[in-house]
Structure formats: structure tokens, C-alpha cells
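1. sequence and computational prediction follow.
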Amino acid sequence: MTATQSAARRIGVFGGAFDPPHLAHRALVQAALADLHLDELRIVPTGQAWHKARDLSPARHRLAMAQLAFGDLPGVVIDSRETERSGPSYTLDTLREFKALWPDAELFLIMGEDQARALPSWHEWTEVLRLAIICVAERKDVTGATPSFNVPKPHESRFRRLQMPVMPVSATDIRTRIAAHQCVAPLVFEPVARYIDDHHLYQTT
């Protein structure tokens, strides 16, 4: 790919455990594709999550579920690089790899408000800001209250907001429901629910 071709590219990056991917994840991906006019969106399941106390499900399952949850969306690529990398998964390393592949492309790092609030604790987070525009899902509640995440003043130009519907869904809640033998069909994409059942995932807390 030439530099001229690369310059036209707008590439989204959406990382996470995806353990499992759920309907709010898919809604965020769809919002990013629409609002950011992306040429491509890379879904990047994390490898060794340095910030999580619990062990993640095996990478093969999380990659398979991500493919089922997002693979039908145009422009979406499920990227396995972090699961193949040894040691802790740092977003910075992934962004540097993408920048090496597409030097002149514009990178958009997509995340929820909880991740955005934790951003200053990330590995070399100011370098993350230099490499990518941070796109934060803005979820107003039913009262229309303002978002709880406040953009850091010195870095306002490096942030954008994505409008999201109110979707009180979390992977933690889904895993807890499955362990308690409760139905999760309204919370995850149907092929993902079937995969979880077929592979007996999250049967114990």
C-alpha cells in the first residue's frame, strides 16, 4: 500500500476482553462505523489483560465469539494480534503496530466511558493519545443527564464522543447469569448465545 492510499484511510480500533461480546458492544461498533465514517474497524480481543484480576476465557473462544458478534458488519475485521503476543496486552503496542502498517492513516480508538475514566492509568497513556483519537461512547440516561466522563482539559482535541442508546448490559452480569442458569438471550447476539451454550462457557463463577 502506498502512502497516498494509506492517507485516505480512517481506521477504528476497538479492544476489549469480549468475554463475551454483547449487544452493547455491537451497538458501539455500529455507532462508530456510522459516526466516524471509518474505512475499517479492527476488533482486537485482548491477550493477557494486565488490568483484570480474573483469568479470561481461552482466546480461541473469545475470537470465535467476536467473529459471530461482529463479522457480518461491513468493514469490520477481527484482529487476533494481541492474543498471539506474549506478555501483557498494551493498547499502545497495538497502535504502534497499526501505525507501522499504515503510517499516514488516522486511527480512532473506541471505548466506553468506564475505560475512558481509567485511561490515565494505562501504560504510557499520553502516547496513546498522540497515536489515536479517543472516541468515547456517550450514554445519556433516561433523564437526559450529562455524561459522567469529563474530557481532560489539556487533551480535549484528542477526544470525540459517540452517541449510544441506553443499554445496561455488562459481560460480568452475563457471566453471572449463565453461572446461575438464567437466560441471557436478550443480552447477547443469538449466535454468541448458541456458541456459549455449545461450548459450556461460564458455567461456574
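-> That came through fine.

2. residues in contact with stretch 170-177?
-> 17-22, 24, 183-184, 187-188, 202, 205 (Cβ atoms under 8 Å, 6 or more residues apart in numbering). Every C-beta, even on glycine, is put in place using the N, C-alpha and C of the backbone.

3. and what of stretch 81-93?
-> Contacts for stretch 81-93 (Cβ under 8 Å, 6+ apart): 13, 15, 44-50, 59, 62-63, 94, 97, 109, 122-124, 127-128, 131.

4. can you do 7 Å?
-> Contacts to stretch 81-93, defined as Cβ atoms under 7 Å, 6 or more residues apart in numbering, come from residues 15, 44-50, 59, 63, 94, 97, 109, 122-124, 127-128.

5. repeat that for stretch 64-77.
-> With Cβ under 7 Å, 6+ apart, stretch 64-77 has contacts from 18, 20-21, 25-26, 29-30, 33, 38-43, 45, 78, 189, 191-192, 195.

6. what's the answer for stretch 17-28, then?
-> For stretch 17-28, the external contacting residues (Cβ under 7 Å, 6+ apart) are 45-46, 49, 52, 56-57, 62, 65-66, 69-70, 110, 137, 162, 164-165, 167, 169, 171, 174, 187-189, 192, 196.

7. please pick the buried ones from these.
-> 45-46, 49, 56-57, 62, 65-66, 69-70, 110, 137, 162, 164, 167, 169, 171, 174, 187-189, 192, 196 (16 or more other Cβ atoms under 10 Å).

8. give me the low-pLDDT residue ranges for the chain?
-> Along the chain, the parts satisfying pLDDT under 70 run over 1-8, 49-53, 139-149, 205.

9. at 50 instead, please
-> 1-7, 142-143 (pLDDT under 50).

10. in it, which spans are strands?
-> Here the chain has its strands, by DSSP state E, at 10-16, 40-45, 76-78, 106-111, 132-138, 159-163.

11. rewinding a little: got CSV for the contacts of stretch 170-177, with distance to residue 90 too?
-> CSV is the format used below for the contacts of stretch 170-177 (distance: Cβ to Cβ, whole Å):
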residue, distance to residue 90
17, 14
18, 17
19, 18
20, 23
21, 21
22, 24
24, 24
183, 36
184, 31
187, 29
188, 28
202, 26
205, 28
